[in-house]
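> Prediction below, plus the sequence it came from.
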Amino acid sequence: MSTSSGYNDSSQPLVSIITPSYNSSDYIEEAISCVKNQTYENWEMIIVDDCSTDNSREIIQKQVSYDQRIRFIPLKENSGAAVARNNAISAANGRYIAFLDSDDLWMPQKLVEQVDFMERNDLAFTFTQYSVIDQNGEEVNEVINIPRVIDYKGLLKNTIIGCLTVMINIEKTGLVEMPNIRTRQDFALWLSILKRGFKAYGIQKKLAQYRVVKGSISSNKFKAAKRNWEIYREIENHGLMYSSWCFINYIFHAIKKRI
């Protein structure tokens, strides 16, 4: 395989792709490949490894040698996905940041369609439809439908934004950071942005695939629901009645999404 010299087309704004990695040897190469297969070329992929104990680091370093747009940051101690993502965000050079976990995938046109949509409409925050795949990459449901626009109050009641689909213009929002909590740190970040008056706009196309891996933190729906409740009460500081109303709506939409 030839070594890429990178790509810097001033007509395309740089997109920084934020990828945390932990024991991701089964999937990280496929995630990197889906980025390299993007029809949009002006990107950097910042992979932060959270002290993997498998051979993830060797796989990533090999990919770095093939393409200079891929950057690798190894953490010195295991710190969780929020810290890994925040390290990548701090190192990002792009106008746009996008999120891709090490076991998820993008369609080849994902970046070009999303950047074009944001540039044409002068937007700060967008997300897209996605489908769910199993460990073997087989789709297990139809497309997850999303609203065309959602604000802070809407997101409190419907956690419909898939992290792997998000793109943020940090020239508009300013530097963003995920709270250092074990799960649902992405949901808390979206709320912090929308709380400032921004809206998130949904692109009505399936541009990503979310992989459900047995035993992963994100696959535990009970823990996710518990963390949502804690975000309502402890991070957003909402009262018991309003938190309960939001939580009931969240459960309703979560069930609806899976029917």
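Alright, I've got the coordinates. Because the structure is predicted, anything quoted here is derived from the model rather than measured.

> partners of Met167 in the sheet?
Here Met167 sits in beta bridges with Ala98, Thr126, as judged by DSSP bridges.

> From what I see, it and Val115 are in contact.
Yes - the criterion here is C-beta atoms under 8 Å, and Met167 meets it with Val115 at 7.4 Å. C-beta here means a position set from N, CA and C on the backbone, and glycine is covered the same way.

> Partner strands of the longest strand along the chain, with direction?
In the chain, with assignment by DSSP state E, the single longest strand is strand 200-211. The strands beside strand 200-211 in its sheet (DSSP bridges) come out as strand 105-106 (antiparallel), strand 125-133 (parallel), strand 149-150 (antiparallel).

> Columns mean pLDDT, mean neighbour count and distance to Lys206 on top of the ones you listed, output as JSON lines?
Listed next are these as JSON lines, based on pLDDT from 0 to 100; neighbours: other C-beta atoms under 10 Å; distance: least, C-beta to C-beta, whole Å:
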{"stretch": "strand 105-106", "mean pLDDT": "98", "mean neighbour count": "23", "distance to Lys206": "10"}
{"stretch": "strand 125-133", "mean pLDDT": "96", "mean neighbour count": "22", "distance to Lys206": "5"}
{"stretch": "strand 149-150", "mean pLDDT": "98", "mean neighbour count": "17", "distance to Lys206": "18"}
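
> I'd like the distance between the closest residue in space to His238 that isn't next to it in sequence and Ile146.
Distances taken as C-beta to C-beta, 6 or more residues apart in numbering place Tyr232 nearest to His238, at 5.0 Å, with adjacent residues excluded. The gap separating Tyr232 from Ile146 is 21 Å, by C-beta to C-beta, to the nearest Å.

> And the pLDDT for Val212?
Val212 is assigned 90 on the pLDDT scale.

> again, but for Pro20
97.

> what about it, neighbour count?
Here the number of neighbours of Pro20 (other C-beta atoms under 10 Å) works out to 25.

> ok, now the one 10 residues further on?
Here the neighbour count serves as a burial measure; for Glu30 (other C-beta under 10 Å) it reads 15.

> show me what contacts it?
Contacts for Glu30 (C-beta atoms under 8 Å, 6 or more residues apart in numbering) come out as Leu105, Gly137.

> Am I right that it is in a strand?
No - assigned with DSSP: H, G, I helix; E, B strand; the rest coil, Glu30 falls outside any strand and is helix.

> Checking Pro179 next. Helix, strand or coil?
Strictly by three-state DSSP, Pro179 counts as coil.
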